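predicted model follows, preceded by the sequence.
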Amino acid sequence: MRVSKRTRDYQESVIREMTRLAIEHEAINLSQGFPDFDPPEDIIQAAYNAMVSGHNQYSPTWGNLELRVKLAEQYSNKLGWSVDAEKHVTVTCGVTEAINVAMFGLLDPGDEIIIIEPAHENFIPSALLSGARPVAVPLSEENFRLDVDLLKKALSNNTRALMLNTPHNPSGRVFDVDEIRSITDFVVKNNLILITDEIYDRILYDGRTHICPGSIESLRDRTVTLGGMSKTFAITGWRLGYIIASSNLMNAMRPVHDYLTVCAPTPLQMAAVTALNLPEEYYDDMLIDYHNRRYKIMSILNSLGFRAQTPEGAYYVLADYSNVPSIHCDKDSRSFAVWMTEELRVAVVPGEVFYTIPGYGEKTIRFAFPKRLSTLQEAANRMESYFL
């Protein structure tokens, strides 16, 4: 029987596959990016209260009004323009749905979207499902900086949009003022839509600040800002994301969200209001904890012979294993990741899944470190027993 052509150019998620393999082999899961610790008790209690108070049915398609009002308030401050809860905010089932909504709503078959690589593995399939053609532009392999000349070379008469992820997964880069300025000039000059995945905007290291492209005046009407609750509040399983955009762009995206999922889970949306009302102390403590986790994972990797750039944001490290003392270091990244999961019982993600450009991502694997320090230490013990 004939099946859809649109799914022939990609396969199921390798990241989720590595989680399944981790479960099968009782491995420590440093592959998929979810914490192994609970969210704040206040958030859990708020979800419980919503459920036992009868808030278990559909919420408005665009999201619980109180949540949208809170997001509108926060993003009015972040973006510097008046974000209207009724017009400019849509709550989605995670950023994954938000990415699909943006691409389905704004791209036509035959359009091209530039995707900066390494890229999260959801970006390419979302573009393909929309009928658009993804065009990859690599960051420098040495320090993951963006070369605007490569963006220009990727441009064609069919280019419609640019996908940007900052803080960046999997490299940990936080794109700086110069890079954002170059992107702005490129997007405006070529009349493009900018879709930004900013899910890690509160996980920043060494005093860095996150630049919201949608706060730049020339980008305000052409930027789709995507964010979510998953990473900041350790609730990845709740599947709560959102889209912030001008009315013109939002009006094209909302019907797509409506028919994809109807609405995000009602009681969890209500609990998200509690999360967004947490005091600033919560974020301060979170950053202290993540600095400690980053220090721990980098110490482990450096001691074992991995080569990696210290993350500036998010909670991943893309590490080169070619100099690790192992007879297996000649394996391709997928084989090496499977070997680590099955034999060392430490699950990681092969670097090659973040690239479509031949030759990139070889001899690299991604470590996710949103874990308790004791979990990271146990992973270290398992790797040290082989590598040292």
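Structure received. Residues are numbered from 1 along each chain as shown.

alpha carbons only for contacts and neighbour counts from here, please
OK.

would you map out the domains in this structure?
What automatic domain parsing lists as the domains of the chain is 5-32+281-387, 41-276.

the shortest one spans what distance, first to last residue?
Translated: domain 5-32+281-387. 44 Å (C-alpha to C-alpha, to the nearest Å).

also the longest one?
Between the opening and closing residues of domain 41-276 we find a distance of 14 Å, counting by C-alpha to C-alpha.

rewinding a little: same list, the domains of the chain, but as CSV with mean pLDDT please.
Shown next, in CSV, are these (pLDDT from 0 to 100):
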stretch, mean pLDDT
domain 5-32+281-387, 94
domain 41-276, 97
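
export those to CSV and tack on mean neighbour count?
Compiled in CSV, the domains of the chain are given as follows (neighbours: other C-alpha atoms under 10 Å):
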stretch, mean neighbour count
domain 5-32+281-387, 19
domain 41-276, 19
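
look up how far residue 326 lies from residue 384.
On the measure of C-alpha to C-alpha, residue 384 and residue 326 end up 11 Å apart.

in this protein, which helix has the most residues?
helix 280-304 (DSSP state H).

partner strands of the host helix or strand of residue 318, with direction?
Residue 318 is part of strand 316-320 when elements are defined by DSSP states H and E. In the sheet containing strand 316-320, its partner strands are strand 307-308 (antiparallel), strand 364-368 (antiparallel), by DSSP bridges.

nearest to residue 135, out of those?
Closest to residue 135 of the strands paired with strand 316-320 is strand 364-368 (C-alpha to C-alpha; 22.1 Å).

got the contact list for that closest one?
With contacts defined as C-alpha atoms under 8 Å, 6 or more residues apart in numbering, strand 364-368 is touched by 30-34, 170, 315-322, 333, 337, 348-352.

coming back round to it: out of the strands paired with strand 316-320, which comes closest to residue 130?
Between residue 130 and the strands paired with strand 316-320, the shortest gap by C-alpha to C-alpha is with strand 364-368, which sits at 27.8 Å.

keeping just the C-alphas, turn that closest one into PDB.
Provided in PDB are the C-alpha atoms of strand 364-368 (Å, rounded to 0.1, in the frame of the first residue of the first chain):
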ATOM      1  CA  THR A 364      30.900  13.800  18.500                       C
ATOM      2  CA  ILE A 365      28.200  13.000  21.100                       C
ATOM      3  CA  ARG A 366      25.800  15.100  23.100                       C
ATOM      4  CA  PHE A 367      25.600  15.000  26.900                       C
ATOM      5  CA  ALA A 368      22.600  16.400  28.600                       C
END
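
and the angle for the helix or strand following that strand with helix 280-304?
Following strand 364-368 in sequence order, the next helix or strand is helix 373-387 (DSSP H and E). Going by axes from the mean of the first three to the mean of the last three C-alpha atoms, to 10 degrees, helix 373-387 is angled at 10 degrees with respect to helix 280-304.
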